[in-house]
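J.: let me see the structure of the following:
(one chain, ligands or ions: 1)
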Amino acid sequence: MNSMSGPQSGSRTWAEPYKIKMVELLRMTTREEREQAIREAGYNTFLTRSRDVYIDLLTDSGTGAMSDRQWAGLMLGDEAYAGSENFYHLEAVIKEYYGYEYMLPTHQGRGAENLMSQLLIKPGDYVPGNMYFTTTRLHQELAGGTFVDVIVDQAHDPESSFPFKGNVDIAKLNRLVQDVGAKRVPYISLEGNVNMAGGQPFSMSNLNDLHSYCRKHDIPIMLDATRTIENAWFIREREDGYADKSVREILREICDLTDGCTMSAKKDALVNIGGFFACNDEELFKKSQNLAVVYEGLHTYGGLAGRDMEAMAQGIREAVTEEHQAARIGQVRYLGEKLDAAGIPIVKPIGSHAIYINAKRFLPHVDQDEYPAQTLAAELYIESGIRTMERGNVSAGRDPKTGKNRRPQLELLRLAIPRRVYTQAHMDVVTESVIDVYKRRNEIRGLRIVYEPEYLRFFQARFEPIS
Ligand code: F0G
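T.: The predicted model follows:
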(Lines give C-alpha, C1' and ligand atoms only; values in the text may rest on other atoms or scores of the structure.)
Protein backbone atom coordinates (compact mmCIF):
# COMPACT_ATOMS: atom_id res chain seq x y z
CA MET A 1 0.00 0.00 0.00
CA ASN A 2 1.16 3.54 -0.61
CA SER A 3 1.86 5.84 2.30
CA MET A 4 -1.33 7.93 2.00
CA SER A 5 -3.77 5.12 1.46
CA GLY A 6 -7.49 5.39 2.08
CA PRO A 7 -8.93 6.96 5.18
CA GLN A 8 -9.95 3.58 6.49
CA SER A 9 -6.72 1.70 6.08
CA GLY A 10 -3.73 1.58 8.39
CA SER A 11 -3.88 1.42 12.15
CA ARG A 12 -4.42 5.10 12.91
CA THR A 13 -7.51 7.26 12.71
CA TRP A 14 -7.43 9.75 9.86
CA ALA A 15 -7.81 13.46 10.44
CA GLU A 16 -8.32 16.59 8.41
CA PRO A 17 -5.04 17.75 6.79
CA TYR A 18 -5.57 21.31 8.05
CA LYS A 19 -6.38 23.23 11.20
CA ILE A 20 -9.01 25.93 11.64
CA LYS A 21 -7.94 29.59 11.52
CA MET A 22 -11.28 31.36 11.45
CA VAL A 23 -14.81 30.27 12.31
CA GLU A 24 -18.30 31.30 11.25
CA LEU A 25 -20.85 31.19 14.06
CA LEU A 26 -24.01 29.16 13.53
CA ARG A 27 -27.49 30.18 14.60
CA MET A 28 -29.80 27.69 16.30
CA THR A 29 -33.55 28.02 15.76
CA THR A 30 -36.59 26.56 17.49
CA ARG A 31 -38.85 24.00 15.91
CA GLU A 32 -41.64 26.62 15.67
CA GLU A 33 -39.31 29.00 13.82
CA ARG A 34 -38.34 26.25 11.41
CA GLU A 35 -41.94 25.22 10.78
CA GLN A 36 -42.73 28.81 9.88
CA ALA A 37 -39.60 29.19 7.75
CA ILE A 38 -40.29 26.09 5.65
CA ARG A 39 -43.97 27.04 5.23
CA GLU A 40 -42.91 30.48 3.99
CA ALA A 41 -40.42 28.79 1.64
CA GLY A 42 -43.20 26.71 0.04
CA TYR A 43 -41.61 23.53 1.46
CA ASN A 44 -38.67 24.02 -0.90
CA THR A 45 -35.27 24.13 0.82
CA PHE A 46 -33.92 26.26 -2.06
CA LEU A 47 -36.25 29.04 -0.94
CA THR A 48 -35.23 29.02 2.73
CA ARG A 49 -32.84 31.64 4.09
CA SER A 50 -29.34 30.64 5.04
CA ARG A 51 -29.67 32.42 8.40
CA ASP A 52 -32.40 29.93 9.35
CA VAL A 53 -30.14 26.93 8.63
CA TYR A 54 -28.03 25.11 11.20
CA ILE A 55 -26.05 22.58 9.14
CA ASP A 56 -26.16 23.35 5.43
CA LEU A 57 -26.00 20.21 3.28
CA LEU A 58 -27.94 21.75 0.39
CA THR A 59 -24.99 21.46 -1.94
CA ASP A 60 -21.25 20.97 -2.14
CA SER A 61 -21.21 23.65 -4.84
CA GLY A 62 -19.36 26.86 -3.99
CA THR A 63 -19.80 26.15 -0.29
CA GLY A 64 -16.30 24.90 0.52
CA ALA A 65 -13.78 26.64 2.76
CA MET A 66 -10.81 28.16 0.98
CA SER A 67 -7.31 27.75 2.39
CA ASP A 68 -5.16 30.62 3.67
CA ARG A 69 -3.22 30.35 0.41
CA GLN A 70 -6.35 30.75 -1.65
CA TRP A 71 -7.36 33.78 0.42
CA ALA A 72 -3.87 35.18 -0.06
CA GLY A 73 -4.38 34.61 -3.78
CA LEU A 74 -7.38 36.94 -3.69
CA MET A 75 -4.98 39.75 -2.78
CA LEU A 76 -3.02 39.02 -5.94
CA GLY A 77 -6.05 39.67 -8.11
CA ASP A 78 -5.06 41.54 -11.26
CA GLU A 79 -8.38 43.20 -12.02
CA ALA A 80 -7.58 44.24 -15.55
CA TYR A 81 -10.34 43.90 -18.13
CA ALA A 82 -7.98 42.16 -20.55
CA GLY A 83 -5.05 39.82 -20.11
CA SER A 84 -5.06 39.53 -16.31
CA GLU A 85 -2.00 37.80 -14.84
CA ASN A 86 -4.33 35.46 -12.98
CA PHE A 87 -5.78 34.22 -16.27
CA TYR A 88 -2.35 33.12 -17.51
CA HIS A 89 -1.64 31.52 -14.18
CA LEU A 90 -4.93 29.58 -14.23
CA GLU A 91 -4.35 28.57 -17.84
CA ALA A 92 -0.96 27.11 -16.93
CA VAL A 93 -2.37 25.20 -13.95
CA ILE A 94 -5.22 23.71 -16.00
CA LYS A 95 -2.79 22.67 -18.70
CA GLU A 96 -0.53 21.08 -16.12
CA TYR A 97 -3.16 19.18 -14.13
CA TYR A 98 -5.94 18.55 -16.65
CA GLY A 99 -3.75 18.62 -19.74
CA TYR A 100 -6.07 20.37 -22.19
CA GLU A 101 -4.45 22.65 -24.73
CA TYR A 102 -6.95 25.52 -24.53
CA MET A 103 -8.96 26.96 -21.63
CA LEU A 104 -11.70 29.56 -21.37
CA PRO A 105 -12.88 30.71 -17.92
CA THR A 106 -16.65 30.94 -17.34
CA HIS A 107 -18.70 32.30 -14.47
CA GLN A 108 -19.58 28.75 -13.40
CA GLY A 109 -20.23 25.31 -14.84
CA ARG A 110 -23.46 26.06 -16.67
CA GLY A 111 -21.81 28.98 -18.47
CA ALA A 112 -19.40 26.48 -20.02
CA GLU A 113 -22.27 24.06 -20.73
CA ASN A 114 -24.15 26.77 -22.58
CA LEU A 115 -21.19 27.60 -24.83
CA MET A 116 -20.35 23.98 -25.56
CA SER A 117 -23.97 22.97 -26.26
CA GLN A 118 -24.56 25.95 -28.56
CA LEU A 119 -21.37 25.21 -30.50
CA LEU A 120 -21.57 21.45 -30.87
CA ILE A 121 -25.26 20.52 -30.95
CA LYS A 122 -27.50 21.01 -33.99
CA PRO A 123 -31.30 20.74 -33.79
CA GLY A 124 -32.28 17.08 -34.11
CA ASP A 125 -29.01 15.76 -32.63
CA TYR A 126 -28.82 13.18 -29.84
CA VAL A 127 -26.46 13.58 -26.91
CA PRO A 128 -25.70 10.37 -25.00
CA GLY A 129 -24.48 10.67 -21.44
CA ASN A 130 -23.80 8.64 -18.30
CA MET A 131 -27.01 9.88 -16.65
CA TYR A 132 -28.40 13.38 -16.95
CA PHE A 133 -27.45 16.37 -14.89
CA THR A 134 -30.13 19.05 -14.58
CA THR A 135 -28.34 22.05 -16.10
CA THR A 136 -26.33 19.97 -18.57
CA ARG A 137 -29.42 18.35 -20.07
CA LEU A 138 -31.31 21.63 -20.20
CA HIS A 139 -28.53 23.28 -22.22
CA GLN A 140 -28.50 20.28 -24.56
CA GLU A 141 -32.27 20.63 -25.03
CA LEU A 142 -32.11 24.41 -25.48
CA ALA A 143 -29.60 23.80 -28.29
CA GLY A 144 -32.10 21.47 -30.00
CA GLY A 145 -30.63 18.16 -28.83
CA THR A 146 -32.19 15.17 -27.09
CA PHE A 147 -30.38 13.63 -24.16
CA VAL A 148 -30.11 9.82 -24.16
CA ASP A 149 -29.13 7.99 -20.99
CA VAL A 150 -26.43 5.37 -21.66
CA ILE A 151 -25.25 4.70 -18.12
CA VAL A 152 -25.02 1.09 -16.88
CA ASP A 153 -28.26 -0.31 -15.43
CA GLN A 154 -26.72 -0.65 -11.95
CA ALA A 155 -26.65 3.16 -11.67
CA HIS A 156 -30.44 3.24 -11.51
CA ASP A 157 -30.55 0.66 -8.72
CA PRO A 158 -29.91 2.26 -5.32
CA GLU A 159 -29.33 -1.20 -3.83
CA SER A 160 -26.60 -2.27 -6.26
CA SER A 161 -23.10 -2.16 -4.78
CA PHE A 162 -21.37 -2.22 -8.18
CA PRO A 163 -18.14 -0.21 -7.67
CA PHE A 164 -18.33 1.72 -10.97
CA LYS A 165 -21.95 2.78 -11.30
CA GLY A 166 -20.77 5.76 -13.38
CA ASN A 167 -19.71 3.49 -16.27
CA VAL A 168 -21.08 3.95 -19.75
CA ASP A 169 -22.94 0.95 -21.15
CA ILE A 170 -21.23 0.76 -24.55
CA ALA A 171 -23.99 -1.52 -25.90
CA LYS A 172 -26.60 1.18 -25.13
CA LEU A 173 -24.39 3.78 -26.80
CA ASN A 174 -23.93 1.55 -29.81
CA ARG A 175 -27.69 1.02 -30.10
CA LEU A 176 -28.20 4.79 -30.27
CA VAL A 177 -25.39 5.23 -32.83
CA GLN A 178 -26.83 2.43 -34.98
CA ASP A 179 -30.35 3.90 -34.71
CA VAL A 180 -29.63 7.53 -35.52
CA GLY A 181 -26.17 7.38 -37.15
CA ALA A 182 -22.91 8.76 -35.73
CA LYS A 183 -23.42 12.04 -37.63
CA ARG A 184 -26.38 12.86 -35.36
CA VAL A 185 -24.26 12.31 -32.22
CA PRO A 186 -22.08 15.43 -31.82
CA TYR A 187 -20.33 14.09 -28.70
CA ILE A 188 -20.82 11.89 -25.68
CA SER A 189 -21.25 13.72 -22.41
CA LEU A 190 -19.20 11.86 -19.78
CA GLU A 191 -19.52 12.93 -16.15
CA GLY A 192 -16.99 12.04 -13.47
CA ASN A 193 -18.48 10.84 -10.17
CA VAL A 194 -22.02 10.94 -11.49
CA ASN A 195 -23.99 13.31 -9.28
CA MET A 196 -27.53 12.09 -9.96
CA ALA A 197 -26.51 8.44 -9.48
CA GLY A 198 -25.22 9.19 -5.98
CA GLY A 199 -21.69 10.40 -6.73
CA GLN A 200 -20.61 7.23 -8.56
CA PRO A 201 -17.35 6.91 -10.52
CA PHE A 202 -16.56 5.45 -13.91
CA SER A 203 -13.56 3.14 -14.21
CA MET A 204 -10.50 3.72 -16.36
CA SER A 205 -11.07 0.48 -18.20
CA ASN A 206 -14.59 1.64 -19.11
CA LEU A 207 -13.18 4.96 -20.30
CA ASN A 208 -10.58 3.11 -22.38
CA ASP A 209 -13.34 1.04 -24.02
CA LEU A 210 -15.40 4.16 -24.60
CA HIS A 211 -12.39 5.90 -26.11
CA SER A 212 -11.79 3.05 -28.58
CA TYR A 213 -15.47 3.00 -29.53
CA CYS A 214 -15.64 6.76 -30.00
CA ARG A 215 -12.44 6.90 -32.06
CA LYS A 216 -13.86 4.25 -34.37
CA HIS A 217 -17.06 6.24 -34.88
CA ASP A 218 -15.43 9.66 -34.79
CA ILE A 219 -17.45 10.85 -31.77
CA PRO A 220 -15.70 13.24 -29.36
CA ILE A 221 -15.83 12.59 -25.61
CA MET A 222 -16.63 15.76 -23.66
CA LEU A 223 -16.03 15.36 -19.94
CA ASP A 224 -18.03 17.03 -17.20
CA ALA A 225 -14.93 17.45 -15.04
CA THR A 226 -16.81 18.93 -12.08
CA ARG A 227 -15.98 16.09 -9.66
CA THR A 228 -13.42 14.18 -11.69
CA ILE A 229 -10.61 14.54 -9.16
CA GLU A 230 -12.87 12.70 -6.73
CA ASN A 231 -13.54 10.11 -9.45
CA ALA A 232 -9.77 9.68 -9.79
CA TRP A 233 -9.55 8.88 -6.07
CA PHE A 234 -12.07 6.05 -6.47
CA ILE A 235 -10.16 4.62 -9.45
CA ARG A 236 -7.07 4.55 -7.29
CA GLU A 237 -8.93 2.90 -4.46
CA ARG A 238 -10.97 0.36 -6.42
CA GLU A 239 -9.43 -0.40 -9.79
CA ASP A 240 -6.70 -2.99 -10.37
CA GLY A 241 -3.38 -1.45 -11.29
CA TYR A 242 -4.06 2.03 -9.87
CA ALA A 243 -3.23 1.67 -6.16
CA ASP A 244 0.25 3.07 -6.67
CA LYS A 245 -0.67 5.91 -9.01
CA SER A 246 -1.32 9.38 -7.66
CA VAL A 247 -4.67 11.12 -7.96
CA ARG A 248 -2.87 13.67 -10.08
CA GLU A 249 -1.60 11.06 -12.54
CA ILE A 250 -5.02 9.43 -12.78
CA LEU A 251 -6.71 12.78 -13.45
CA ARG A 252 -4.32 13.36 -16.36
CA GLU A 253 -4.93 9.88 -17.69
CA ILE A 254 -8.71 10.53 -17.67
CA CYS A 255 -8.42 13.90 -19.39
CA ASP A 256 -5.97 12.55 -21.98
CA LEU A 257 -8.67 10.09 -23.09
CA THR A 258 -11.18 12.88 -23.65
CA ASP A 259 -11.43 15.76 -26.11
CA GLY A 260 -12.47 18.58 -23.83
CA CYS A 261 -14.43 19.42 -20.72
CA THR A 262 -16.84 21.69 -18.98
CA MET A 263 -16.08 22.40 -15.35
CA SER A 264 -17.90 23.79 -12.36
CA ALA A 265 -14.89 24.81 -10.25
CA LYS A 266 -17.24 25.29 -7.29
CA LYS A 267 -16.79 21.61 -6.41
CA ASP A 268 -13.44 19.83 -6.89
CA ALA A 269 -11.52 23.07 -7.36
CA LEU A 270 -12.44 24.47 -3.93
CA VAL A 271 -13.69 27.91 -4.92
CA ASN A 272 -16.92 29.73 -4.20
CA ILE A 273 -17.46 30.73 -7.83
CA GLY A 274 -16.02 29.89 -11.23
CA GLY A 275 -15.77 27.35 -14.00
CA PHE A 276 -14.15 26.76 -17.36
CA PHE A 277 -14.42 25.17 -20.76
CA ALA A 278 -11.32 23.42 -22.06
CA CYS A 279 -10.52 21.48 -25.22
CA ASN A 280 -7.78 20.44 -27.60
CA ASP A 281 -9.43 21.59 -30.84
CA GLU A 282 -8.22 25.04 -31.80
CA GLU A 283 -11.14 25.87 -34.05
CA LEU A 284 -13.72 24.92 -31.41
CA PHE A 285 -11.79 26.92 -28.86
CA LYS A 286 -11.78 30.03 -31.04
CA LYS A 287 -15.53 29.74 -31.51
CA SER A 288 -16.02 29.37 -27.76
CA GLN A 289 -13.91 32.46 -27.13
CA ASN A 290 -16.09 34.37 -29.53
CA LEU A 291 -19.37 33.15 -28.03
CA ALA A 292 -18.02 33.92 -24.54
CA VAL A 293 -18.07 37.63 -25.27
CA VAL A 294 -21.84 37.35 -25.73
CA TYR A 295 -22.64 35.42 -22.56
CA GLU A 296 -19.70 35.53 -20.14
CA GLY A 297 -17.25 38.35 -20.81
CA LEU A 298 -13.92 38.77 -22.56
CA HIS A 299 -12.14 35.42 -23.06
CA THR A 300 -9.46 36.19 -20.48
CA TYR A 301 -11.93 36.56 -17.61
CA GLY A 302 -15.18 34.88 -18.66
CA GLY A 303 -17.34 36.44 -15.96
CA LEU A 304 -14.79 36.04 -13.17
CA ALA A 305 -12.73 38.55 -11.25
CA GLY A 306 -8.97 38.12 -11.53
CA ARG A 307 -8.88 37.13 -7.85
CA ASP A 308 -11.39 34.33 -8.49
CA MET A 309 -9.10 32.86 -11.14
CA GLU A 310 -6.15 33.01 -8.75
CA ALA A 311 -8.09 31.21 -6.00
CA MET A 312 -9.13 28.57 -8.54
CA ALA A 313 -5.55 27.95 -9.67
CA GLN A 314 -4.48 27.39 -6.06
CA GLY A 315 -7.62 25.32 -5.31
CA ILE A 316 -6.81 22.88 -8.12
CA ARG A 317 -3.32 22.36 -6.71
CA GLU A 318 -4.75 21.56 -3.27
CA ALA A 319 -7.56 19.37 -4.61
CA VAL A 320 -5.28 16.89 -6.34
CA THR A 321 -3.37 16.05 -3.15
CA GLU A 322 -3.91 12.64 -1.57
CA GLU A 323 -4.36 14.21 1.87
CA HIS A 324 -7.24 16.38 0.72
CA GLN A 325 -9.11 13.57 -1.00
CA ALA A 326 -8.52 11.10 1.85
CA ALA A 327 -10.15 13.49 4.32
CA ARG A 328 -12.85 14.62 1.92
CA ILE A 329 -14.00 11.17 0.97
CA GLY A 330 -13.32 9.87 4.47
CA GLN A 331 -15.72 12.36 6.03
CA VAL A 332 -18.53 11.54 3.61
CA ARG A 333 -17.94 7.84 4.21
CA TYR A 334 -17.99 8.38 7.98
CA LEU A 335 -21.48 9.87 7.75
CA GLY A 336 -22.70 7.21 5.31
CA GLU A 337 -21.48 4.32 7.43
CA LYS A 338 -23.17 5.71 10.53
CA LEU A 339 -26.49 6.10 8.71
CA ASP A 340 -26.17 2.66 7.20
CA ALA A 341 -25.43 1.11 10.60
CA ALA A 342 -28.64 2.73 11.90
CA GLY A 343 -30.66 1.04 9.14
CA ILE A 344 -31.30 4.19 7.07
CA PRO A 345 -31.70 3.21 3.38
CA ILE A 346 -28.83 4.95 1.58
CA VAL A 347 -27.40 4.60 -1.91
CA LYS A 348 -24.35 2.38 -2.01
CA PRO A 349 -21.47 2.40 -2.60
CA ILE A 350 -21.09 5.65 -0.67
CA GLY A 351 -20.07 8.41 -3.12
CA SER A 352 -17.58 11.20 -2.68
CA HIS A 353 -19.62 14.35 -2.32
CA ALA A 354 -22.88 13.39 -0.66
CA ILE A 355 -24.96 10.75 1.04
CA TYR A 356 -28.15 9.92 -0.81
CA ILE A 357 -31.11 8.58 1.16
CA ASN A 358 -33.49 6.36 -0.79
CA ALA A 359 -36.76 8.22 -0.16
CA LYS A 360 -38.86 5.52 -1.81
CA ARG A 361 -37.77 3.12 0.93
CA PHE A 362 -37.77 5.74 3.70
CA LEU A 363 -41.36 6.82 2.90
CA PRO A 364 -42.84 3.85 1.01
CA HIS A 365 -46.39 5.07 1.71
CA VAL A 366 -45.84 8.37 -0.17
CA ASP A 367 -46.54 8.10 -3.93
CA GLN A 368 -43.79 9.46 -6.20
CA ASP A 369 -46.16 12.16 -7.48
CA GLU A 370 -46.44 13.33 -3.86
CA TYR A 371 -42.68 13.87 -3.93
CA PRO A 372 -41.23 11.70 -1.15
CA ALA A 373 -37.69 13.13 -1.37
CA GLN A 374 -38.96 16.73 -1.37
CA THR A 375 -41.10 15.83 1.64
CA LEU A 376 -38.14 14.33 3.43
CA ALA A 377 -36.03 17.45 2.82
CA ALA A 378 -38.73 19.57 4.47
CA GLU A 379 -39.08 17.14 7.40
CA LEU A 380 -35.34 16.99 8.09
CA TYR A 381 -35.22 20.77 8.04
CA ILE A 382 -38.10 20.99 10.53
CA GLU A 383 -36.48 18.34 12.72
CA SER A 384 -33.12 20.00 13.17
CA GLY A 385 -32.43 22.87 10.76
CA ILE A 386 -30.38 20.66 8.44
CA ARG A 387 -30.84 21.79 4.85
CA THR A 388 -30.68 19.17 2.08
CA MET A 389 -31.90 18.79 -1.50
CA GLU A 390 -34.35 16.67 -3.43
CA ARG A 391 -32.93 14.62 -6.30
CA GLY A 392 -35.92 12.74 -7.61
CA ASN A 393 -39.23 13.44 -9.33
CA VAL A 394 -39.06 17.22 -8.84
CA SER A 395 -35.48 17.48 -10.18
CA ALA A 396 -36.21 15.15 -13.10
CA GLY A 397 -39.00 17.50 -14.28
CA ARG A 398 -41.58 16.79 -16.92
CA ASP A 399 -41.18 14.99 -20.21
CA PRO A 400 -41.23 17.80 -22.83
CA LYS A 401 -43.47 15.70 -25.11
CA THR A 402 -46.09 14.36 -22.67
CA GLY A 403 -45.90 17.04 -19.97
CA LYS A 404 -46.05 14.28 -17.34
CA ASN A 405 -43.70 13.91 -14.38
CA ARG A 406 -40.73 11.78 -15.39
CA ARG A 407 -41.01 9.59 -12.23
CA PRO A 408 -37.33 8.55 -12.29
CA GLN A 409 -36.25 5.27 -10.75
CA LEU A 410 -34.10 7.16 -8.27
CA GLU A 411 -36.06 9.19 -5.71
CA LEU A 412 -33.32 10.50 -3.47
CA LEU A 413 -32.63 12.99 -0.73
CA ARG A 414 -29.12 14.36 -1.08
CA LEU A 415 -27.05 15.33 1.93
CA ALA A 416 -24.16 17.07 0.18
CA ILE A 417 -21.09 17.74 2.28
CA PRO A 418 -19.28 21.04 1.67
CA ARG A 419 -15.51 20.63 1.47
CA ARG A 420 -13.48 21.46 4.59
CA VAL A 421 -16.45 23.11 6.37
CA TYR A 422 -18.05 20.79 8.95
CA THR A 423 -16.56 18.53 11.61
CA GLN A 424 -17.14 14.93 12.57
CA ALA A 425 -19.35 16.17 15.43
CA HIS A 426 -21.61 17.86 12.88
CA MET A 427 -21.83 14.55 11.03
CA ASP A 428 -22.92 12.89 14.30
CA VAL A 429 -25.71 15.46 14.75
CA VAL A 430 -26.83 14.84 11.17
CA THR A 431 -27.01 11.10 11.83
CA GLU A 432 -29.06 11.59 15.01
CA SER A 433 -31.47 13.94 13.24
CA VAL A 434 -32.05 11.58 10.32
CA ILE A 435 -32.72 8.75 12.78
CA ASP A 436 -35.26 10.93 14.62
CA VAL A 437 -37.15 11.58 11.36
CA TYR A 438 -36.96 7.86 10.53
CA LYS A 439 -38.61 6.98 13.83
CA ARG A 440 -41.68 9.06 12.95
CA ARG A 441 -41.71 8.25 9.23
CA ASN A 442 -45.16 6.65 9.32
CA GLU A 443 -46.78 9.96 10.29
CA ILE A 444 -45.22 11.84 7.38
CA ARG A 445 -47.49 12.88 4.45
CA GLY A 446 -46.45 14.01 0.98
CA LEU A 447 -46.60 17.35 -0.85
CA ARG A 448 -48.39 18.81 -3.84
CA ILE A 449 -47.02 21.49 -6.20
CA VAL A 450 -48.72 24.88 -6.01
CA TYR A 451 -46.29 26.81 -8.24
CA GLU A 452 -44.07 25.45 -10.96
CA PRO A 453 -41.61 27.50 -13.06
CA GLU A 454 -40.73 26.54 -16.63
CA TYR A 455 -37.03 25.71 -16.27
CA LEU A 456 -35.29 23.61 -13.59
CA ARG A 457 -38.40 23.64 -11.44
CA PHE A 458 -36.70 22.19 -8.34
CA PHE A 459 -35.01 25.53 -7.68
CA GLN A 460 -38.17 27.63 -7.40
CA ALA A 461 -41.25 25.39 -7.22
CA ARG A 462 -43.57 25.84 -4.22
CA PHE A 463 -45.45 23.08 -2.42
CA GLU A 464 -48.02 22.54 0.28
CA PRO A 465 -48.62 19.51 2.51
CA ILE A 466 -51.32 17.06 1.51
CA SER A 467 -53.62 16.94 4.51
N1 F0G B 1 -22.27 19.47 -13.72
C2 F0G B 1 -22.43 18.83 -12.55
C3 F0G B 1 -22.11 17.39 -12.45
C4 F0G B 1 -22.90 19.54 -11.44
O5 F0G B 1 -23.06 18.90 -10.28
C6 F0G B 1 -23.20 20.91 -11.57
C7 F0G B 1 -23.73 21.67 -10.45
C8 F0G B 1 -23.02 21.51 -12.81
C9 F0G B 1 -22.54 20.75 -13.87
C10 F0G B 1 -23.35 22.96 -13.04
O11 F0G B 1 -22.39 23.75 -12.47
O12 F0G B 1 -23.64 25.01 -10.71
O13 F0G B 1 -21.37 25.74 -11.47
O14 F0G B 1 -23.33 26.02 -12.96
N15 F0G B 1 -24.17 21.13 -9.42
C16 F0G B 1 -24.67 21.78 -8.22
C17 F0G B 1 -25.15 20.75 -7.26
C18 F0G B 1 -25.64 22.86 -8.46
O19 F0G B 1 -25.64 21.14 -6.19
O20 F0G B 1 -25.02 19.55 -7.52
P21 F0G B 1 -22.72 25.23 -11.87
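J.: after the helix or strand encompassing Asp340 comes which helix or strand?
T.: Using DSSP states H and E, the element containing Asp340 is helix 322-341. Remark: after helix 322-341, the chain's next helix or strand is strand 354-358, criterion DSSP H and E.
J.: my guess is Ile329 contacts Ala232. True?
T.: No. Ile329 is beyond contact range of Ala232, at 11.0 Å (criterion: CB atoms under 8 Å). To be clear about C-beta, it is placed using only N, CA and C from the backbone, and glycine gets the same treatment.
J.: next one: phi and psi at whichever residue of the stretch 151-300 of the chain sits closest to the ligand?
T.: Residue of the stretch 151-300 of the chain nearest the ligand, by CB to the nearest ligand atom: Ser264 (3.1 Å). Main-chain torsions, Ser264, degrees, to the nearest 10: phi -100, psi 100.
J.: how about it, what does it touch?
T.: Ser61, Gln108, Gly109, Arg110, Ala112, Thr226, Gly275 (CB atoms under 8 Å, 6 or more residues apart in numbering).
J.: likewise for Ile188?
T.: Contacts of Ile188 (CB under 8 Å, 6+ apart): Val127, Pro128, Gly129, Val150, Val168, Leu173, Leu210, Cys214, Ile219, Pro220, Ile221, Met222.
J.: where does Leu223 land in three-state SS?
T.: Applying DSSP: H, G, I helix; E, B strand; the rest coil to Leu223 yields a three-state assignment of strand.
J.: what is the neighbour count of it?
T.: Counted with other CB atoms under 10 Å, the neighbours of Leu223 add up to 25.
J.: and it, bridged to which residues?
T.: Leu190, Cys261 (DSSP bridges).
J.: re earlier: ok, and the closest non-adjacent residue to the residue of the stretch 151-300 of the chain closest to the ligand?
T.: Nearest in space to Ser264, with sequence neighbours left out and distances taken as CB to CB, 6 or more residues apart in numbering, is Gly109 at 2.7 Å.
J.: ok, now Asn208?
T.: In space, Asn208 is closest to Leu257, 6.8 Å off (CB to CB, 6+ apart).
J.: give the helix, strand or coil label for Val177.
T.: Of the three states, Val177 takes helix under three-state DSSP.
J.: now do the helices in the stretch 101-250 of the chain.
T.: When secondary structure is read from DSSP state H, counting those that start in this stretch, the stretch 101-250 of the chain shows helices at 109-120, 134-142, 170-180, 204-217, 228-238, 247-256.
J.: out of those helices, nearest to Asp281?
T.: Asp281 lies closest, by CB to CB, to one member of the helices of the stretch 101-250 of the chain: helix 109-120, at 10.2 Å.
J.: now for the closest one, which elements pack on it?
T.: Helices and strands touching helix 109-120, by 3 or more CB pairs under 8 Å, 6 or more residues apart in numbering; DSSP states H and E, are strand 102-106, helix 134-142, strand 221-224, strand 260-264, strand 275-279, helix 282-295.
J.: quick one, which of the ones you listed is nearest to Asn442?
T.: Nearest of the helices and strands packed on helix 109-120 (CB to CB): helix 134-142, 31.3 Å.
J.: tell me the angle of the closest one relative to helix 109-120?
T.: Taking axes from the mean of the first three to the mean of the last three CA atoms, to 10 degrees, one finds helix 134-142 and helix 109-120 inclined to each other by 20 degrees.
J.: give the buried residues for helix 134-142.
T.: For helix 134-142, a neighbour-count test (16 or more other CB atoms under 10 Å) marks Thr134, Thr135, Thr136, Arg137, Leu138, His139, Gln140, Glu141 as buried.
J.: quick one: low-confidence parts of the stretch 1-150 of the chain?
T.: Regions of the stretch 1-150 of the chain meeting the criterion pLDDT under 70 cover residues 1-11.
J.: can you show me the strands along the stretch 1-150 of the chain?
T.: 55-56, 102-106, 126-129, 146-149 (DSSP state E, counting those that start in this stretch).
J.: check contacts around Arg137.
T.: Contacts of Arg137 (CB under 8 Å, 6+ apart): Gly129, Phe147.
J.: same thing with Arg387?
T.: Going by CB under 8 Å, 6+ apart, Arg387 touches Thr45, Thr48, Val53, Ile55, Asp56, Leu57, Leu58, Ala377, Tyr381.
J.: how many neighbours does Asp244 have?
T.: By other CB under 10 Å, the residues close to Asp244 number 9.
J.: do you know the pLDDT at it?
T.: Note on Asp244: pLDDT of 97.
J.: next, the distance between the ends of stretch 135-151.
T.: Using CA to CA, to the nearest Å, the end-to-end distance of stretch 135-151 comes out at 18 Å.
J.: ok so, going back, so for the ligand, which of the strands of the stretch 1-150 of the chain sits nearest?
T.: Of those, the one closest to the ligand (CB to the nearest ligand atom) turns out to be strand 102-106, at 8.6 Å.
J.: is the closest one up against the ligand anywhere?
T.: No. Judged by CB under 6 Å from any ligand atom, strand 102-106 stays clear of the ligand, getting no closer than 8.6 Å.
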